[in-house]
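> Kindly generate the corresponding structure for this input.
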Amino acid sequence: MMLLAELVAVSNKVGSTRARLEKIRLLAELLRKATPEEVAVAVAYLSGALPQRKIGLGYATVHRMAETPAASTASLALTEVDQQFTRMAAAKGPGSNTERQQLLGALFSRATADEQDFLSRLVVSNLRQGALEGIMADAIAQAANVPPSSVRRALMFSGDAPAVARAALAEGEAGLSGYRLQLFRPLQPMLAQPAADVEEAMEALHRAALEWKLDGARIQVHREGDQVRVFSREGNDVTAAVPEVVELVRGLPSRSLVLDGEAIALRPDGSPHPFQVTMRRFGRKLDIHQARGELPLSPFAFDVLHLDGADLVDQPYLERMRALDAVVPEAARVPRLLTESGEEAEAFYARSVQQGHEGLLAKGPESLYEAGRRGSSWLKLKPAHTLDLVVLAAEWGSGRRQGWLSNLHLGARDPAAGGFAMLGKTFKGMTDAMLEWQTKWLLAHELTRDAWTVHVKPELVVEIAFDSVQASPHYVSGMALRFARVKRYREDKRAEEADTVETVRKIFARTHGGKAEPS
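Below you'll find the model as predicted:
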């Protein structure tokens, strides 16, 4: 029987080391000790996810429960904890919220301090200790003594790391061989790594296939005969919300098909609506006929993974593009250019941005489709905005960032209202040296704190890069930065010189065609 304490101890060790091979060794050693039932739970927890996904309890409740007096000795079995979360997720109807709180409280009352901290972060999806999917895949392979490529391939087709781990440790390669592309079971999408600019991308790839990067909703479309189903990036079935996609794919000259692409809402001039506008079409309780008339979607394909009985994930990019061009009309394909010329690439990039799109994807002509991975053969290029903002508070980090103030609360000056307007948070872009420095600085300028957050004097200016400004009901300004990350601290600037909320509104207006409404 594996105790939760054993898993928590390994999680903390994984979070405190930067060495990839040591992370893999620690995880593999734990997985070898686990029963098949325990393996699935352990992989889910160490990956920062509950197998039940949602248990119906929010941050405030979990934060309050975390103040329960901790047990002095470890007694919780891993499967026992999982069963308790299953009961919470199953609670329905009147009194269910009270029942869930009682169940969580009972769990916390038997947990040690380390276990309480782990469970708190797990429930609110704030467990960042470095057990990323690539590392977990290698750990599963090492524990089961199978090739890492076999595990990655199974993960590509299933997207279910706990199930793959159970199959690998119970049955070895024979268990993994059963995973293959199946129609109507979505694959994880392949992702791209960022590149600084076109020059860097062309140097890395030499000859590149360039595609406009659309800021729409990533979709994967499966077809067999007249049956068509559309899946979101997360693997959710969104078929009912996107009849335009269904109609396009049903009319293509193929019997069976799996397409990767985007669905995006376009203005009459062909320029894109902001991402949030496109996402309105994916609401749960929409009148689809009315929504389609008010906000039509345009589907664009950029890859084909299966065509008429043949799986294409192991075919190079150029072969997949020939297959895509043969079955999908040009008007429904993402604009593409194959080139070795930096000048041609720059001009193609400029046209994409001028049209209002995010930038470019640069892909290696021989690249295979590595589902669920950020392959180095796919690079993304996006022009980033920057703002000088003021740090209002910071949250304590977890895992390798334990003991450091990490997640920054960012604000823009608001001369009209006085003070600062919150625009979001970020923990991205920080080096170890930066984390150490900012923790010392912020603690020296502390105003108040709670268990998670230290509020500070609004004096520290930080340069923040971000992709766009989106509408947000969570902040008084009505706006939030998308994909914010730290570039550097501006010790040369005073808070009075930071950018204003009006500057942010202008950026918002340029892309959204209107003003953000304060909440």
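> Buried residues of the helix or strand harbouring R223, list them for me.
Assessed by DSSP states H and E, R223 sits inside strand 217-224. Neighbour-count burial for strand 217-224, counted by 16 or more other C-beta atoms under 10 Å, picks out A217, I219, Q220, V221, H222, R223. Glycine gets a C-beta too; all of them are placed from N, C-alpha and C.
> who's sitting farthest from the centroid in the chain?
Here the chain reaches farthest from its C-alpha mean at S72, the gap being 36.4 Å by C-alpha atoms, centre = their mean.
> That one: what's it in contact with?
T112 (C-beta atoms under 8 Å, 6 or more residues apart in numbering).
> can you pull the pLDDT of it?
On the pLDDT scale, S72 is placed at 92.
> related to what we said a few turns ago, does anything pack onto the strand holding R223? Which helices or strands?
strand 227-232, helix 243-250, strand 256-265, helix 275-279, strand 297-307 (3 or more C-beta pairs under 8 Å, 6 or more residues apart in numbering; DSSP states H and E).
> Recalculate using a threshold of 7 Å.
Judged by 3 or more C-beta pairs under 7 Å, 6 or more residues apart in numbering; DSSP states H and E, the packing partners of strand 217-224 are strand 227-232, helix 243-250, strand 256-265.
> so how far is it from its chain's centroid?
19 Å (C-alpha atoms, centre = their mean, to the nearest Å).
> got the contact list for that strand?
Strand 217-224 has contacts (C-beta atoms under 7 Å, 6 or more residues apart in numbering) with 183-184, 186-187, 189, 228-233, 245, 249, 254, 256-263, 278-279, 282.
> filter these to the buried ones?
Counted by 16+ other C-beta under 10 Å, the contacts of strand 217-224 give 186-187, 189, 228-232, 245, 249, 254, 257-263, 278, 282 as buried.
> which intervals of the stretch 151-300 of the chain have sub-threshold pLDDT?
284-285 (pLDDT under 70).
> how about 90 then?
152-153, 155-161, 177-182, 187-197, 215, 233-236, 274-277, 279-280, 282-289, 291 (pLDDT under 90).
> what's the spacing between R121 and L155?
Per C-beta to C-beta, to the nearest Å, R121 is found 24 Å from L155.
> Same question for R336.
Computed as C-beta to C-beta, the R336 to L155 distance reads 28 Å.
> Between the two, point out the one with more neighbours.
Counting neighbours by other C-beta atoms under 10 Å for R336 and for L155 shows that L155 has the greater number, 26 against 17.
> Can you tell me, leaving aside adjacent residues, what's nearest to that one?
Spatial nearest neighbour of L155, chain neighbours left out: V164 (5.4 Å); criterion: C-beta to C-beta, 6 or more residues apart in numbering.
> Identify the residues contacting the one you found.
Taking C-beta under 7 Å, 6+ apart as the contact definition, V164 lies against I140, V151, A154, L155, S158.
> buried ones in whichever helix or strand V62 is part of?
If you go by DSSP H and E, V62 is part of helix 59-65. By neighbour count on 16+ other C-beta under 10 Å, the buried set for helix 59-65 is T61, V62, M65.
> Tell me the one among the residues you listed nearest to A331.
V62 (48.7 Å; C-beta to C-beta).
> Could you measure from the closest one over to T79?
For V62, the distance to T79 equals 21 Å [C-beta to C-beta].
> who's in contact with G216?
E262, A263, I264, T278.
> Is it possible to get those residues out as JSON lines so that each row also shows distance to E459?
Formatted as JSON lines, the contacts of G216 follow (distance: C-beta to C-beta, whole Å):
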{"residue": "E262", "distance to E459": "42"}
{"residue": "A263", "distance to E459": "45"}
{"residue": "I264", "distance to E459": "42"}
{"residue": "T278", "distance to E459": "39"}
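> okay, now R166: neighbour count?
Residues contacting R166 under the criterion other C-beta under 10 Å number 23.
> Can I get the helix or strand hosting it as CSV, trimmed to CA atoms?
Under the criterion of DSSP H and E, R166 resides in helix 161-171. The C-alpha atoms that make up helix 161-171 are tabulated as CSV, following Å, rounded to 0.1, in the frame of the first residue of the first chain:
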residue,chain,number,x,y,z
ALA,A,161,-1.0,9.4,-19.1
PRO,A,162,-2.4,7.5,-16.1
ALA,A,163,-3.9,4.9,-18.4
VAL,A,164,-0.7,4.6,-20.5
ALA,A,165,1.3,4.2,-17.3
ARG,A,166,-1.0,1.4,-16.0
ALA,A,167,-0.7,-0.4,-19.4
ALA,A,168,3.1,0.0,-19.6
LEU,A,169,3.8,-1.2,-16.0
ALA,A,170,1.2,-4.1,-16.2
GLU,A,171,1.8,-5.3,-19.7
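> Go through the following helix or strand past it and flag the buried ones.
Once helix 161-171 ends, the next helix or strand along the chain (criterion: DSSP H and E) is helix 173-176. Of the residues in helix 173-176, G175, L176 count as buried by neighbour count, 16+ other C-beta under 10 Å.
> How about stretch 262-270?
E262, A263, I264, A265, L266.
> Turn the residues you listed into JSON lines, columns for distance to W212.
Converted to JSON lines, those look like this (distance: C-beta to C-beta, whole Å):
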{"residue": "E262", "distance to W212": "10"}
{"residue": "A263", "distance to W212": "15"}
{"residue": "I264", "distance to W212": "11"}
{"residue": "A265", "distance to W212": "16"}
{"residue": "L266", "distance to W212": "12"}
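> Direction included, what does the strand holding R223 pair against?
strand 227-232 (antiparallel), strand 256-265 (antiparallel) (DSSP bridges).
> Distance to R100 for the ones you listed - can I get that in TSV?
Listed next are these as TSV, based on distance: least, C-beta to C-beta, whole Å:
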stretch	distance to R100
strand 227-232	27
strand 256-265	35
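> out of those strands, nearest to S377?
Of the strands paired with strand 217-224, nearest to S377 by C-beta to C-beta is strand 256-265, at 15.1 Å.
> Mind listing residues that contact that closest one?
183, 189, 214, 216-224, 242, 245, 249, 272-273, 277-278, 281, 295, 297-309.
> Can you give the domain ranges for the chain?
Annotated domains of the chain cover 4-176, 191-381, 385-512 [automatic domain parsing].
> Quick one: find the helix or strand in the protein with the lowest mean pLDDT.
Confidence across the helices and strands of the chain bottoms out at helix 59-65, with a mean of 78, counting by mean pLDDT, DSSP states H and E.
> And for the following helix or strand past it, what's in contact with it?
Using DSSP H and E, the helix or strand that follows helix 59-65 towards the C-terminus is helix 78-90. Contacts with helix 78-90, where a contact means C-beta under 7 Å, 6+ apart, come from 2-4, 7, 37-38, 41-42, 50-52, 54-57, 100, 103-104, 107.
> one more time with 8 Å
By C-beta under 8 Å, 6+ apart, the surrounding residues in contact with helix 78-90 are 1-4, 6-7, 34, 37-38, 41-42, 45, 50-57, 99-100, 103-104, 106-107, 119.
> Narrow those to just the buried residues.
Neighbour counting over the contacts of helix 78-90 (16+ other C-beta under 10 Å) leaves 2-4, 6-7, 34, 38, 41-42, 45, 50, 55-57, 99-100, 103-104, 107, 119 as the buried ones.
> Which strand residues bridge the closest residue to E244 other than its chain neighbours?
What sits nearest to E244 in space, not counting adjacent residues and going by C-beta to C-beta, 6+ apart, is L297, at 4.8 Å. Assessed by DSSP bridges, L297 has beta-bridge partners A265.
> mind starting the numbering at 398 from now?
Taking 398 as the first residue, the last one we looked at is L694.
> can you tell me how far L694 sits from G658?
For L694, the distance to G658 - C-beta to C-beta - is 11 Å.
> what's the answer for P780, then?
Taking C-beta to C-beta as the measure, P780 falls 23 Å from G658.
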